[in-house]
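In: Got a predicted model here, sequence first, then my questions.
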Amino acid sequence: MRRLLPILLLLTVLISLLVVASCEPKQSERGHGTIRIGYLGDLSGVTYNFGQSGRNGVLMAAGEIDQAGGLNGRQIDVVIEDDQGKPEFAATQIGKLIDAEKVIAVIVGGTSNDSRAAAPKAQVSRIPLISPSSTDPAVTQIGDYIFRTCFIDAFQGEVMARFAANTLKAKKAAILIDFNSSYSRGLSDFFELGFTRLGGQALTKQSYTAGDRDYRGQLNTIRFAAPDVIFIPGYYADVALIVKQTRELGLTQPLLGGDGWDAPELWDLAGDSLNGSYISSHYSAEDQSSLVQKFVKDYKQRYGNLLPDAHAALGYDAMRVVIDAISRSGVTDGPQLREALAQTKNFPGVTGVITINAERNAVKPAVVLKLQDGRYIYQETIQPESTTAPAPSPSPTTKPRAKPRL
């Protein structure tokens with residue numbers, strides 16, 4: 001019996017170790033077979049167009065890699081979850097992608113509020129989160145695993161201020177914002193700051209709540225102020241009704257907006273009331289560069305002649321940036337992939353040449369589009385002067401590593 005005790009003790013220890021190992025999530029589970037990348041977006045909520053277009057772009061980019069043989073022979077498996085445009089859903093669904101689906105990165109398409117809700121889980125799990133379309137500067141300030149491949153509102157607001165003052169020669173502006181939207185409030189602040197710096201004056205700032213049906217009170221206040229332009233930084237579902245009521249009240253000034261307007265459904269909802277409005281956005285399908293035109297052609301072939309909007313192009317670029325980081329580094333584990341993403345420089349995207357700066361924001365140009373007769377007509381490209389967000393959270397210094405095999 002004494003001879004058996006050491007053997008039994010050894011067997012007990014080995015069994016305990018096996019049980020513990022089987023219960024713990026292992027990084028190796030993320031490192032074999034297909035490369036699993038999560039996509040989280042609004043596929044059925046108020047901003048469903050953003051999520052669906054972003055998903056289309058992500059799937060198209062992944063499909064191109066798979067058709068070319070994959071990454072070192074490994075196929076891309078895109079795991080999709082719907083957050084319904086609700087931050088509380090985004091916070092739970094990203095947990096499913098990371099913990100249950102074992103994705104190596106998550107692309108979060110849609111609004112800044114949803115990205116902000118999802119980001120803490122990605123940060124604590126050390127899984128990179130990449131937002132194609134969240135322009136609120138606060139998103140990437142959550143942590144060093146949070147990236148974006150779009151410009152930020154500090155630049156977007158400046159773009160529309162410069163366009164209003166320099167191109168439209170406006171001296172007076174009125175602003176109408178969604179009070180509960182960090183996107184709308186931030187874009188408004190940056191527009192007002194830039195417009196004032198250029199010698200303009202914001203005469204009045206009115207607010208509403210998403211889902212309101214009557215904006216006439218705010219619009220009458222704006223009418224009495226008699227501005228040269230009206231800036232409405234909101235999302236397309238609310239903007240459509242605001243624009244219609246603006247024109248019904250006889251206000252004929254140019255209406256200005258941001259990328260939240262850029263959705264095909266806007267024309268279905270607002271029609272000719274949109275004519276003569278201008279927005280900042282991420283790309284123009286009318287851009288004649290070979291990269292953009294190939295993207296437009298391939299997208300239309302894949303999705304039944306559907307013209308790709310900005311969110312489709314942004315989703316496509318976000319997936320390509322992730323794939324590029326994996327290809328350059330040869331890794332799929334979270335910390336090393338984070339470093340590779342942080343080193344992205346001069347990446348040729350459909351939405352512009354992308355460089356990730358120290359705050360994990362994309363330094364890239366914006367385009368101004370004119371809305372006329374159902375079209376988004378290219379007007380001009382505005383290059384960034386400064387895109388540093390206020391009070392940024394600096395990312396750790398990254399160093400190149402040897403490239404292991406995937």
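Out: Arrived safely, thanks for sending.
In: Local confidence estimate at R126?
Out: Among the per-residue scores, R126 holds a pLDDT of 98.
In: Kindly report the same for D83.
Out: 96.
In: ok, now V106?
Out: 98.
In: The one 10 residues further on now?
Out: R116 carries a pLDDT value of 95.
In: what's downstream of the helix or strand bottoming out on mean pLDDT in the chain, the next helix or strand?
Out: Ranked by mean pLDDT, DSSP states H and E, the weakest helix or strand in the chain is helix 4-23, scoring a mean of 43. Downstream of helix 4-23, the next assigned helix or strand under DSSP states H and E is strand 35-41.
In: Could you check the angle the helix or strand just after that next one makes with strand 35-41?
Out: Next in sequence after strand 35-41, counting helices and strands by DSSP H and E, comes helix 48-67. Angle, helix 48-67 to strand 35-41, by axes from the mean of the first three to the mean of the last three CA atoms, to 10 degrees: 170 degrees.
In: which of the residues in helix 48-67 are buried?
Out: Residues of helix 48-67 classed as buried by neighbour count (16 or more other CB atoms under 10 Å): 48-62, 64-66. Backbone N, C-alpha and C define where each C-beta goes, glycine included.
In: swap in stretch 304-324?
Out: In stretch 304-324, counting by 16+ other CB under 10 Å, buried: 308-324.
In: Among those residues, which lie within helices?
Out: 310-324 (DSSP state H).
In: between these, which is closest to V353?
Out: D317 (10.5 Å; CB to CB).
In: Next, find the distance separating the nearest residue to I37 once chain neighbours are set aside from I146.
Out: Of all residues not flanking I37 in the chain, A105 sits nearest, at 5.3 Å (CB to CB, 6 or more residues apart in numbering). Separation of A105 from I146 (CB to CB, to the nearest Å): 11 Å.
In: Likewise for R375?
Out: Taken as CB to CB, the span from R375 to I146 is 35 Å.
In: and the two? which has more neighbours close in?
Out: I146 (27 against 14; other CB atoms under 10 Å).
In: Please give me every residue in contact with that one.
Out: Contacts of I146 were listed using CB atoms under 8 Å, 6 or more residues apart in numbering, and they are S115, A119, A122, Q123, P128, L129, S131, V139, T140, R360.
In: Give me the pLDDT for it.
Out: The model's pLDDT for I146 equals 98.
In: Identify the bridge partners of it.
Out: L129 (DSSP bridges).
In: wait, doesn't E158 sit right on G194?
Out: Yes. Between E158 and G194 there is a contact under CB atoms under 8 Å: 4.3 Å.
In: The two: who's more crowded?
Out: E158 (25 against 22).
In: In contact with that one, which residues?
Out: Per CB under 8 Å, 6+ apart, neighbours of E158: F190, F191, L193, G194, E385.
In: Doesn't it lie inside a strand?
Out: No. Counting by DSSP: H, G, I helix; E, B strand; the rest coil, E158 is located in no strand; its state is helix.
In: and it, how far is that from L176?
Out: Taken as CB to CB, the span from E158 to L176 is 19 Å.
In: Repeat that for A202.
Out: Counting by CB to CB, the gap from A202 to L176 is 11 Å.
In: So if I had to pick from those two, which one is more boxed in?
Out: L176 (26 against 19).
In: Isn't E88 up against R116?
Out: No. Contact criterion CB under 8 Å: E88 and R116 do not qualify, at 11.8 Å.
In: out of these two, which sits in the busier spot?
Out: Neighbour totals were compared for E88 and R116, and R116 leads with 23 against 11 (other CB under 10 Å).
In: how deep is the nearest residue to that one once chain neighbours are set aside tucked in, by neighbour count?
Out: In space, not counting the residues next to it along the chain, R116 is nearest to V139; the distance is 5.6 Å by CB to CB, 6+ apart. Using other CB under 10 Å, V139 is surrounded by 27 other residues.
In: right, and V139 touches I130 too?
Out: No. Counting by CB under 8 Å, V139 stays clear of I130, with 10.7 Å between them.
In: Find residues that contact each of those two.
Out: With CB under 8 Å, 6+ apart, V139 and I130 have common neighbours R148.
In: quick one: contacts for Y316?
Out: G57, V58, M60, A61, F295, Y299, P308, V350.
In: how many other residues sit next to the residue nearest to I37?
Out: 30.
In: Next, give phi and psi for it.
Out: phi -160, psi 160 (degrees, to the nearest 10).
In: wait, what's in contact with it?
Out: I37, G38, I127, P128, L129, I130, V322, L337.
In: Nearest the geometric middle of this protein, what residue?
Out: Geometric centre of the chain, nearest residue: S133, 1.5 Å, by CA atoms, centre = their mean.
In: which parts of stretch 80-88 are buried?
Out: Neighbour-count burial for stretch 80-88 [16+ other CB under 10 Å]: I80, E81, D82, D83, Q84, G85, K86.
In: does the first one count as helix, strand or coil?
Out: Applying three-state DSSP to I80 yields a three-state assignment of strand.
In: Just grab the bridge partners of the closest residue to it other than its chain neighbours for me.
Out: Distances taken as CB to CB, 6+ apart put Y39 closest to I80, at 4.9 Å, once the chain neighbours are dropped. Beta-bridge pairing of Y39 under DSSP bridges involves I80, I107.
In: Going along the chain, name the helices of the stretch 101-250 of the chain.
Out: 112-125, 153-162, 182-197, 216-225, 236-248 (DSSP state H, counting those that start in this stretch).
In: by how many degrees do the first one and helix 48-67 diverge?
Out: For helix 112-125 and helix 48-67, the angle between their directions (the same axes, to 10 degrees) works out to 50 degrees.
In: just the last one next, same as before
Out: In this structure, helix 236-248 runs at an angle of 130 degrees to helix 48-67, with the same axes, to 10 degrees as the basis.
In: next one: the second one
Out: Note on geometry: by the same axes, to 10 degrees, helix 153-162 and helix 48-67 are set 120 degrees apart in direction.
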